[in-house]
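Peer 1: everything below, folded, please.
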Amino acid sequence: MSFYWASGGMLGVSTLGEFIARQAVIRDKSFMMLVWLTGVVKVLGAVLLFGLLKPWKSKLTAKGLYFAAVAGGAFLFLYGLLNWLAVLLASAQVLNMNIDRYSANWRLFFWEPFWMLGGVLYFVSGRRFYARMSWRKRSET
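Peer 2: Residues are numbered from 1 along each chain as shown. Model (predicted):
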């Protein structure tokens with residue numbers, strides 16, 4: 001979606017909030033660069049997950065992938081959770097955020113849970129990768 005939005009696509013932009021939608025409409029260059037960058041980071045996250053599919057002989061590479069997946073999963077989960085809490089508190093008018101009801105609902109019921117689920121899946125993928133590494137099993141016996 002980041003590449004789609006960075007290229008000028010508008011479908012779904014309004015679900016993110018008024019500020020982001022406005023930046024997308026005016027095509028602010030620094031904001032568009034940030035959207036492209038988030039797309040690149042997401043692709044790197046996919047490359048990391050593909051790396052977990054291969055049985056690595058190098059302990060250093062395998063442990064690096066493991067820690068990156070687990071840390072990435074924790075980060076994604078916390079990112080989603082903290083955003084979810086912020087939007088929830090804004091919806092309850094405890095926080096002063098400029099977010100409309102439509103965007104708040106999308107963020108509460110789709111976007112932020114999506115990030116949290118992604119974090120859990122990254123974490124689980126890292127743990128499963130670590131559990132099936134043959135070098136780890138040999139060194140523990």
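
Peer 1: all contacts plus neighbour counts: C-alpha atoms, from now on.
Peer 2: Will do.

Peer 1: break this protein into its domains for me.
Peer 2: 1-51, 57-141 (automatic domain parsing).

Peer 1: buried stuff in the strand or helix carrying residue 42?
Peer 2: Element membership of residue 42, judged by DSSP states H and E, is helix 29-51. Buried positions in helix 29-51, judged by neighbour count with 16 or more other CA atoms under 10 Å: 32, 35-36, 38-39, 45, 48-49, 51.

Peer 1: ditto for stretch 91-109
Peer 2: Applying 16+ other CA under 10 Å to stretch 91-109 flags 91, 99, 103-108 as buried.

Peer 1: show me how far the helix holding residue 42 is from its chain's centre.
Peer 2: 10 Å (CA atoms, centre = their mean, to the nearest Å).

Peer 1: what is the rounded mean pLDDT of that helix?
Peer 2: For helix 29-51, mean pLDDT is 96.

Peer 1: next, format the buried residues of helix 29-51 as a markdown table and append distance to residue 85.
Peer 2: What follows is these, written out as a markdown table (distance: CA to CA, whole Å):
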| residue | distance to residue 85 |
| --- | --- |
| 32 | 26 |
| 35 | 23 |
| 36 | 26 |
| 38 | 22 |
| 39 | 24 |
| 45 | 24 |
| 48 | 28 |
| 49 | 28 |
| 51 | 32 |
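
Peer 1: closest to residue 74 among those residues?
Peer 2: Set against residue 74, the nearest of the buried residues of helix 29-51 by CA to CA is residue 45 (13.2 Å).

Peer 1: identify the residues contacting the closest one.
Peer 2: Contacts for residue 45 (CA atoms under 8 Å, 6 or more residues apart in numbering) come out as none.

Peer 1: sketch out the low-pLDDT regions of this structure for me.
Peer 2: 134-141 (pLDDT under 70).

Peer 1: please enumerate the helices of it.
Peer 2: Using DSSP state H, the helices of the chain run over residues 2-6, 18-26, 29-51, 59-91, 101-106, 112-131, 134-140.

Peer 1: what comes into contact with the fifth one?
Peer 2: The list of residues contacting helix 101-106 from outside it, by CA under 8 Å, 6+ apart, reads 14-18, 87-88, 91.

Peer 1: tabulate these (TSV), appending distance to residue 71.
Peer 2: What follows is those, written out as TSV (distance: CA to CA, whole Å):
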residue	distance to residue 71
14	30
15	28
16	25
17	28
18	31
87	24
88	25
91	30
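
Peer 1: alright, calling it a day.
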